[in-house]
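K.L.:
Return a 3D structure for these sequence lines:
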Amino acid sequence: MSVQSDDGLPLEVSGKGKTSAVDRLVEQIRDMISASGLGIGDALPTERDLGEQFQAGRNTVREALQVLRAYGMVETRPKVGAVISGGHGEALRKLFAFHNGISPDSFRDLQGFRRILETGVGEHIILTAEAADFDRLDLINERMLRAESIEEAARCDYAFHAAIVELSGNRTTLAAYNMLRSVIEEVMRLGKAQRPVHAVTFEAHAKIIRALRARDRIAYEYLMSDHLEFGLRFVEEETAKQP
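P.N.:
This next block holds a predicted model:
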């Protein structure tokens with residue numbers, strides 16, 4: 001037996017109901033954005049096209065877009081419709097910003113969040129990752145040594161850490177991490193602008209990879225925690241310069 005929703009589509013009689021359909025569509029749209037390489041300001045397909053593409057009813061599509069708007073990932077523009085928004089990044093940047101830099105307290109909050117996430121995924125990675133996954137981390141890490149600017153080095157640094165989170169196999173965890181991308185990269189740029197640390201960061205990453213290859217969870221957690229704490233010295237130096 002099936003139950004009809006208000007947009008004419010059957011709901012699962014599993015207790016999940018329409019909320020489950022909306023959640024699934026949110027994930028499908030986010031996957032589509034990632035796979036299509038859409039960036040800030042790019043338009044999404046129309047509601048009708050999204051419904052046809054994902055076999056979803058009109059109300060389900062609208063509710064999914066409302067969820068994405070609530071997260072600041074999508075905004076509506078006149079005569080254009082739904083577009084990818086950079087608002088969430090700007091809001092997070094303002095949340096963590098202190099004058100023109102990052103305060104030590106905000107840095108600790110940010111790195112504390114990252115430590116929970118990035119050390120927490122270690123056990124899963126050690127149990128499930130393959131040699132090819134570690135080879136990919138090596139390749140990403142090596143790009144940092146070839147970076148020709150602070151901005152490029154920060155992007156490579158972020159890509160390394162995001163790749164580790166991605167190995168958790170949990171899309172929600174990765175999405176939460178990616179929402180902080182602009183703030184994390186800002187912290188990374190700050191450290192790299194203070195002094196050349198490409199080689200230091202590269203070696204720290206290399207040690208982390210070696211611990212993962214050795215399936216040594218304790219070493220991984222120690223090395224990752226120590227690495228995330230490293231940038232605090234740059235934040236404190238920058239704050240001390242401010243009047």
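K.L.:
could I have the helix or strand hosting Ala35 exported to CSV, CA atoms only?
P.N.:
Per DSSP states H and E, Ala35 falls inside helix 17-36. What follows is helix 17-36, C-alpha atoms only, in CSV (Å, rounded to 0.1, in the frame of the first residue of the first chain):
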residue,chain,number,x,y,z
GLY,A,17,7.8,9.7,4.9
LYS,A,18,8.2,13.0,3.0
THR,A,19,11.1,14.2,5.2
SER,A,20,13.2,11.3,3.9
ALA,A,21,12.3,12.2,0.3
VAL,A,22,13.4,15.8,0.9
ASP,A,23,16.6,14.8,2.6
ARG,A,24,17.4,12.4,-0.3
LEU,A,25,16.8,15.2,-2.8
VAL,A,26,19.0,17.6,-0.9
GLU,A,27,21.8,15.1,-1.1
GLN,A,28,21.2,14.5,-4.8
ILE,A,29,21.3,18.2,-5.6
ARG,A,30,24.5,18.7,-3.6
ASP,A,31,26.0,15.7,-5.4
MET,A,32,24.9,17.2,-8.8
ILE,A,33,26.5,20.6,-7.9
SER,A,34,29.8,18.9,-7.0
ALA,A,35,29.8,16.6,-10.1
SER,A,36,28.9,19.5,-12.4
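K.L.:
now it: mean pLDDT?
P.N.:
Average pLDDT, helix 17-36: 75.
K.L.:
Run the chain-centre distance for the following helix or strand past that helix.
P.N.:
Next helix or strand after helix 17-36 toward the C-terminus (DSSP H and E): helix 47-54. In this view, helix 47-54 has its centroid 26 Å away from the chain centroid, taken as CA atoms, centre = their mean, to the nearest Å.
K.L.:
again with stretch 49-56
P.N.:
On CA atoms, centre = their mean, the centre of stretch 49-56 falls 26 Å from the chain's centre.
K.L.:
who's in contact with the residue nearest in space to the middle of the chain?
P.N.:
Among the residues of the chain, Asn178 comes closest to the average C-alpha position under CA atoms, centre = their mean, at 1.3 Å. Counting by CB atoms under 8 Å, 6 or more residues apart in numbering, Asn178 touches Ala162. All C-beta atoms are positioned from the backbone trio N, CA, C, and that covers glycine.
K.L.:
Just to be sure, it is in a helix?
P.N.:
Yes - counting by DSSP: H, G, I helix; E, B strand; the rest coil, Asn178 is located in a helix.
K.L.:
what's the spacing between it and Arg62?
P.N.:
24 Å (CB to CB, to the nearest Å).
K.L.:
same check, this time on Asp109
P.N.:
From Asp109 to Arg62 the distance is 35 Å (CB to CB).
K.L.:
Same check on Phe54?
P.N.:
Relative to Arg62, Phe54 is positioned 13 Å away (CB to CB).
K.L.:
cool, Glu185 as well?
P.N.:
From Glu185 over to Arg62 (counting by CB to CB), the distance is 33 Å.
K.L.:
These two - which one has more neighbours?
P.N.:
Using other CB atoms under 10 Å, the more surrounded residue of Glu185 and Arg62 is Glu185, with 18 against 15.
K.L.:
Leu228 - nearest residue in space that isn't next to it in sequence?
P.N.:
Spatial nearest neighbour of Leu228, chain neighbours left out: Gln111 (4.7 Å); criterion: CB to CB, 6 or more residues apart in numbering.
K.L.:
domain assignment for the protein?
P.N.:
According to automatic domain parsing, the chain comprises the domains 3-85, 90-241.
K.L.:
Deepest-packed of those domains, please.
P.N.:
domain 90-241 (a mean of 17; mean count of other CB atoms under 10 Å).
K.L.:
Quick check on Gly57: phi, psi?
P.N.:
phi -80, psi 160 (degrees, to the nearest 10).
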